[in-house]
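> please work out how this folds:
(2 chains)
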Protein chains: 2
Amino acid sequence: PLCRSAAMKAPSSRAYSLSFSFVARTNTCGELRSAHVGQKVTLYGWIQYQRQGLFLVLRDFQGLTQIIIPQDEACSHVKKLLSNAPVESVVRVTGIVSLRPPGQENPKMPTGDIEVKVETAEILNSCRKLPFEIKDFIKKSEALRMQYRYLDLRSSQLQYNLRLRSQIVMRMREYLCNLHGFVDVETPTLFKRTPGGAKEFLVPSREAGKFYSLPQSPQQFKQLLMVGGLDRYFQVARCYRDEGSRPDRQPEFTQIDIEMSFVDQGGIQRLIEGLLQYSWPEERGPITTPFPSVTYEEALADYGTDKPDTRFDMKIVDISDFSRSLGIRFVQNALSYPHGTVKAICIPQGMRYLKNKDIESLKEAARSQFNQEIVDIICRPDGSLKSLLTKFLGQEQQSELVQALKMQVDDVVLLAAGEHKQVCSALGSLRVESADLLEAAGLVLRDPTAFHFLWVVDFPLFLPKEENPTELESAHHPFTAPHPSDMTLLYSDPTKVRSQHYDLVLNGNEVGGGSIRIHNAELQRFVLEKVLKEDSEVLSHLLDALEFGAPPHGGIALGLDRLISLIIGAPSIRDVIAFPKSFRGRDLMGSAPDYVTPEELESYHIQVSWPVAEAEAKKN
Amino acid sequence: PLCRSAAMKAPSSRAYSLSFSFVARTNTCGELRSAHVGQKVTLYGWIQYQRQGLFLVLRDFQGLTQIIIPQDEACSHVKKLLSNAPVESVVRVTGIVSLRPPGQENPKMPTGDIEVKVETAEILNSCRKLPFEIKDFIKKSEALRMQYRYLDLRSSQLQYNLRLRSQIVMRMREYLCNLHGFVDVETPTLFKRTPGGAKEFLVPSREAGKFYSLPQSPQQFKQLLMVGGLDRYFQVARCYRDEGSRPDRQPEFTQIDIEMSFVDQGGIQRLIEGLLQYSWPEERGPITTPFPSVTYEEALADYGTDKPDTRFDMKIVDISDFSRSLGIRFVQNALSYPHGTVKAICIPQGMRYLKNKDIESLKEAARSQFNQEIVDIICRPDGSLKSLLTKFLGQEQQSELVQALKMQVDDVVLLAAGEHKQVCSALGSLRVESADLLEAAGLVLRDPTAFHFLWVVDFPLFLPKEENPTELESAHHPFTAPHPSDMTLLYSDPTKVRSQHYDLVLNGNEVGGGSIRIHNAELQRFVLEKVLKEDSEVLSHLLDALEFGAPPHGGIALGLDRLISLIIGAPSIRDVIAFPKSFRGRDLMGSAPDYVTPEELESYHIQVSWPVAEAEAKKN
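Numbering: from 1, shown residues only, chains lettered A, B, ... in the order given. Have a look, this model is predicted:
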């Protein structure tokens, strides 16, 4: 609608002067009220709409103002100018603020009480015919919006997103820098490849065969800053990750990167809670601290994931004990294995909101993604159960089951038997999928204005490698410190060692992660060489540094793009980035990446290895 | 000396809480005073010095505190711990603040009235034997300091530099974001090559033959943001420039990047003056605004450079008119050419402070660097002149010359005849070189605490290409708007067109530059295609954007590394960067750039073209 950009107010967390300095404008287009009536004003903006040479609506980032085009002969040149200017042309108008005639006020517009009667006007730049109207932009294909990103940016939604992002980051800086003595230190992005850094972009140097690497995070540098006595470091850090095409990832992204000396896990958590509380935009309501905390094992058992969405219940229920007495073959079979378990989730009102094919597709998803069979149990209107299993259950067992799962009429239970982690993961995934299905069908399960933060702690320090489960890899990164209680296990059974890693989860999304680091060179060398079997030579500078009086330290990184998109409720991180890349890592506006000439490659001592097909094509 | 880090106080522009939250420390090492006597405190820090098991000096980023080691039997374990800990080990100490015994106060130390009597202590990390002492670091070779940068960072000077930098940038953000409504927008660093972007690093993509480019500045993006209605943009932007090895340049550097809509040159200048005044560190004294402004032509004529150091006089004096009447062959010859001129600078007290060989080396420099002959004139103690020229000058002409050049006894004049720009450049260079020589010899010419800002304006828009002077190139970049008064010249004689570019100069260093941009697509296309003869196709997205209602706009970029190093008085920008690269673009700590395996190059479809010698060597 016409006044969408007026309805979407500028972010309110900071009051700044609206009649800006350094320019000839007296006011912005969102600012004039009946109190301004009689004032002579000069506005700059874009023509949003123009009607029959009578009036136009002028837009800037602050809002909309109705401009009355003069009709008397003396001003015919102004009328001609403004009547002929195409929509989205940039104009300057000077005129007198007047009350709108009675009955013509627009209560939906903040400036709806007034209009500006133009005296002089200037077309600063005329606009070519648009490929679409700005207000319709949202309906256009994303590829088109990306190609004309500079037009998309004029939409009130993107204006709001980018301005709010700027303000939140500013508040974060105030909290860290002004209130808590953190030092904003810029670290290099041209560095060298980290071991196993397969996702790092390479940058050829002028030395033949030598490459810089664009780091995935300032991890090494922030630890070295702690060794250097910087004590409290932060940076809004640009990071790089070459993952090819993964949905909603960007090859370059931003993290709020933090490291502190002499701190423990609780210290970092309190710092981050304070940081978010301080920078939280007023219009999103307050958030309460401290955030709840669960262990990785609890999260897995209750939600089947390390990033639980705690805005709704539907927790995984363990019914192994109950099931042990049942004479059901596949159940007994599952329970006979180590970590064998029987678990279920209960979908409230599933019979009313889910179709049969929904339930079938949930079961199929568990089968294909987790190799996990699912049995469904339905609670009929009369309270009786409908399931493949009912024939194995006596009346009492049925009501025991109903009680254990807190089933009510029309609920649907999905039950799985098998290995603990597999069952949990499958049910955790079904939990979220069925919540999406319920909501798509009209049940309000998650409050769209709710923000549920959660710490997940006590992750395993190492995981078996997927391609060779007898070898271990770091669950996060090799600099993560072991849990103090598990130090001896490190030497006897490293798979059982918990780490001092912590993740911050918001509404089921990981928005941050960090850890207390290893600050002892001997321990770091043991982890790298003996547990991970990695060549520690490439990290010799870090190992050296730990020997020269490295303080105990820890830190965290918040994924800024993701965090802002969740605060705003944007469907994609691309909505909170001014110039995002497409799924395939392309800039559709400027056509990057692009071909370069062989001569341009010469000074970097590289040449393109054309794939056979292309090389052949070039020959012909 | 011992208390250097104490004498170098933490930057004072911001008062933040010293007893930091989130950690177990009660105080920092620079904080305790006699008012704290009797308090039980916990400090964390590095052992700076330890003497005979009696006391030690504990250091953190805030300062130094003297720690008394307990001598009674009951605390023998604490004594043993602290006596045996190597220097630079990290420790926690808890103890009671006490007054030092009378006569043992150290007035040079802010904490010099007190000492802390240790009750308990913990060695958090023991330090290996250092390759050098921290306090001696400054004397070591730069390569060694770079290799152990994390130790160098512990020096009070680098702590001060990085903390001050952080605070200045924070103040700049407050000014821009909170006081003047600027929006901090992050722009991509993976983009595509700009035309003529020979200094841009390449980043291979996973699409065969296609490369991203690391831009030298966000120039295109900030203009596109203006088209997108963002209105007031700023970013502390990481920029990249591959210049091989140029002294005191870094392959990645930081600029305060600013762009505004609806603004003129004066608006940007007032904004920047306010920005610097607001963020200026208190301890460097106030700066006055507005900054003086000179045209490019004036700067060249008076100082022989577009970045004049106005902290001292010694301006270039034009004596062409005076010289015209002299019967000196080379003078007449020079004046007969177009732009022929005779100019001179007067070196005050040159005879007292410069040796003959200094004067000869100045003349030789002019010859070798500018192909310019120089004649020297000396004012003898009796007021008479000594020069090759005196025989051509009558008594009256000699005193006219003395008057024109304001020569005094012992002054040395360097005189040059030739083409205007060449003469000015040569004398401008000699002006700075002789000032350096005078100061090296003990004359105080430039106040080391003075900050002289200067705007240089009205640059030429185009310059003849060095390799082919009949063709033109942009003096700055092709988006710079012509001076409004010179618009018609653009079509008749583009070499005469002045631009709306402005440079900000501080003490003879360029610390910023910007311009009002072309916002009209037709004009931009004319400049690109007709004047610069460039293929505008690669900039089609920008030309398109200008057609869709681009507002008039302009901006500026400040070189942050250079600015901070000048404020601090650091000899190199490397002193204000946490992890700088060496002259040759190497990271000497982590050894970047480095070799990668051919397999790692495969996914980027590139291979190394080894230079012949290396390829041969590899064969054998």
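> avg pLDDT for the longest helix belonging to chain A?
Scanning chain A for the helix with the most residues, using DSSP state H, yields helix A:420-440. For helix A:420-440, the mean pLDDT works out to 97.
> same for that helix, what does it pack against?
Helices and strands touching helix A:420-440, by 3 or more CB pairs under 8 Å, 6 or more residues apart in numbering or on different chains; DSSP states H and E, are helix A:296-303, strand A:340-347, helix A:350-353, helix A:356-370, strand A:412-419. (C-beta placed from N, C-alpha, C; glycine too.)
> out of these, nearest to chain B?
Nearest of the helices and strands packed on helix A:420-440 to chain B, taken as CB to the nearest CB: helix A:296-303 at 23.6 Å.
> please state the offset of whichever helix or strand comes after that closest one from the chain centre?
Using DSSP states H and E, the helix or strand that follows helix A:296-303 towards the C-terminus is strand A:317-318. Distance, stretch centre to chain centre, for strand A:317-318: 30 Å (CA atoms, centre = their mean, to the nearest Å).
> just checking, what packs against strand A:317-318?
Judged by 3+ CB pairs under 8 Å, 6+ apart, the packing partners of strand A:317-318 are strand A:340-347.
> need the contact partners of the strand it packs on.
A:314-320, A:322-323, A:331, A:334-335, A:354, A:377, A:405-407, A:411-420, A:423-424, A:427, A:430-431, A:434, A:438 (CB atoms under 8 Å, 6 or more residues apart in numbering or on different chains).
> show me which of those are buried.
Using 16 or more other CB atoms under 10 Å in any protein chain shown as the burial test, these include A:314-320, A:322-323, A:331, A:334-335, A:354, A:377, A:405, A:407, A:411-418, A:420, A:423-424, A:427, A:430-431, A:434, A:438 as buried.
> helix, strand, or coil at A:D544?
helix (DSSP: H, G, I helix; E, B strand; the rest coil).
> ugh, typo on my part, it should be A:Q235
strand.
> and if you look at A:V23?
Assignment for A:V23 (three-state DSSP): coil.
> is it true that it touches B:R270?
No - the pair A:V23 / B:R270 is not scored as a contact, 10.3 Å apart, by CB atoms under 8 Å.
> name the residues contacting each of the two.
In contact with both A:V23 and B:R270: no residue, using CB under 8 Å, 6+ apart.
> which residues of the stretch 101-250 of chain A fall in helices?
A:142-147, A:149-152, A:156-173, A:219-227 (DSSP state H, counting those that start in this stretch).
> now the angle from the third one to helix B:156-173?
Using axes from the mean of the first three to the mean of the last three CA atoms, to 10 degrees, the interaxial angle of helix A:156-173 with respect to helix B:156-173 works out to 150 degrees.
> just want the angle from helix A:156-173 to helix B:219-227.
Going by the same axes, to 10 degrees, helix A:156-173 makes 120 degrees with helix B:219-227.
> so for helix A:156-173, mean pLDDT?
Helix A:156-173 comes out at a mean pLDDT of 97.
> quick check, that helix touching chain B?
Yes - counting by CB under 8 Å from any CB of the partner chain, chain B has neighbours in helix A:156-173: A:158-159, A:162-163, A:166-167, A:169-170, A:173.
> please produce a PyMOL select command covering the buried subset of those residues.
Listed next is the PyMOL selection for buried residues among the residues of helix A:156-173 next to chain B, using 16+ other CB under 10 Å:
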select buried, chain A and resi 158+159+162+163+166+167+169+170+173
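> quickly name whichever of the residues of helix A:156-173 next to chain B is closest to A:K386.
A:L158 (49.6 Å; CB to CB).
> wait, the closest one sits on A:F579?
No - using CB under 8 Å, A:L158 is not in contact with A:F579; the gap is 11.1 Å.
> residues making contact with stretch A:554-561?
Under CB under 8 Å, 6+ apart, the answer for stretch A:554-561 is A:165, A:169, A:217, A:222, A:233, A:236-237, A:250, A:253-260, A:263-265, A:267-268, A:272, A:481, A:500, A:502, A:504, A:510-517, A:573, A:576-577.
> one more time with 7 Å
With CB atoms under 7 Å, 6 or more residues apart in numbering or on different chains as the contact definition, stretch A:554-561 has outside contacts at A:217, A:222, A:236, A:250, A:253-260, A:263, A:265, A:268, A:272, A:511-517, A:573, A:576-577.
> could you do stretch A:577-597 as well?
A:143, A:146-147, A:149, A:153, A:162, A:245, A:247, A:250-251, A:561, A:574, B:185-188, B:190-193, B:202, B:205, B:207, B:209-212, B:221, B:225, B:541.
> what bridges to A:I123?
A:V91 (DSSP bridges).
> count of residues packed around it?
16 (other CB atoms under 10 Å in any protein chain shown).
> hmm, A:V91 and it touching each other?
Yes - A:I123 lies in contact with A:V91 (CB atoms under 7 Å); the separation is 5.5 Å.
> which neighbours do these two have in common?
With CB under 7 Å, 6+ apart as the test, A:I123 and A:V91 both reach A:A85.
> in stretch A:301-316, what's buried?
A:301-312, A:314-316.
> rewinding a little: greatest separation within the residues of helix A:156-173 next to chain B: which pair is it?
A:L158 and A:R173 (22.7 Å).
> coming back round to it: let's see which of the contacts of stretch A:554-561 end up in strands.
A:236, A:253-260, A:511-516 (DSSP state E).
> nearest to B:E396 among the residues you listed?
A:V236 (69.3 Å).
> pretty sure the closest one sits against A:T254.
Yes - if you go by CB under 7 Å, A:V236 and A:T254 touch, sitting 6.2 Å apart.
> okay, those two: which has more neighbours?
A:T254 (24 against 19).
> any idea how far A:P580 is from that one?
The gap separating A:T254 from A:P580 is 12 Å, by CB to CB, to the nearest Å.
> and stretch A:167-187, which residues are buried?
Those would be A:167-178, A:180-187, for stretch A:167-187 by 16+ other CB under 10 Å.
> ends of that stretch, how far apart?
End-to-end distance for stretch A:167-187, by CA to CA, to the nearest Å: 23 Å.
> over to stretch A:463-478?
First-to-last residue span, stretch A:463-478, CA to CA: 12 Å.
> name the residues that touch it?
By CB under 7 Å, 6+ apart, stretch A:463-478 touches A:219, A:459-462, A:480, A:494-495, A:499, A:501, A:513, A:515, A:527-528, A:531-533.
> same check on stretch A:73-83?
Applying CB under 7 Å, 6+ apart, the contact partners of stretch A:73-83 are A:53, A:56, A:69-71, A:118, A:120-121, A:123.
> ok, now stretch A:424-443?
A:300-301, A:303-305, A:309, A:312, A:314, A:316, A:343, A:345, A:347, A:349, A:353-354, A:358, A:362, A:365-366, A:369-370, A:372, A:414, A:416, A:445-446, A:508.
> quick one: buried residues of that stretch?
For stretch A:424-443, the neighbour count (16+ other CB under 10 Å) marks A:424-432, A:434-435, A:437-438, A:443 as buried.
> same question, stretch A:194-208
A:194, A:197, A:200-206, A:208.
> filter those residues by proximity to chain B?
The subset of the buried residues of stretch A:194-208 within reach of chain B, by CB under 7 Å from any CB of the partner chain, is A:201-206, A:208.
> ok, which residues in the stretch 201-350 of chain A are in contact with chain B?
So far as CB under 7 Å from any CB goes, the stretch 201-350 of chain A lies against chain B at A:201-212, A:221, A:224-225, A:227-231, A:238, A:244, A:251-252, A:254, A:260, A:262-263, A:267, A:270-271.
> returning to what we had before: give me the subset of the contacts of stretch A:463-478 lying in helices.
Among those, the members found in helices (DSSP H) are A:Q219.
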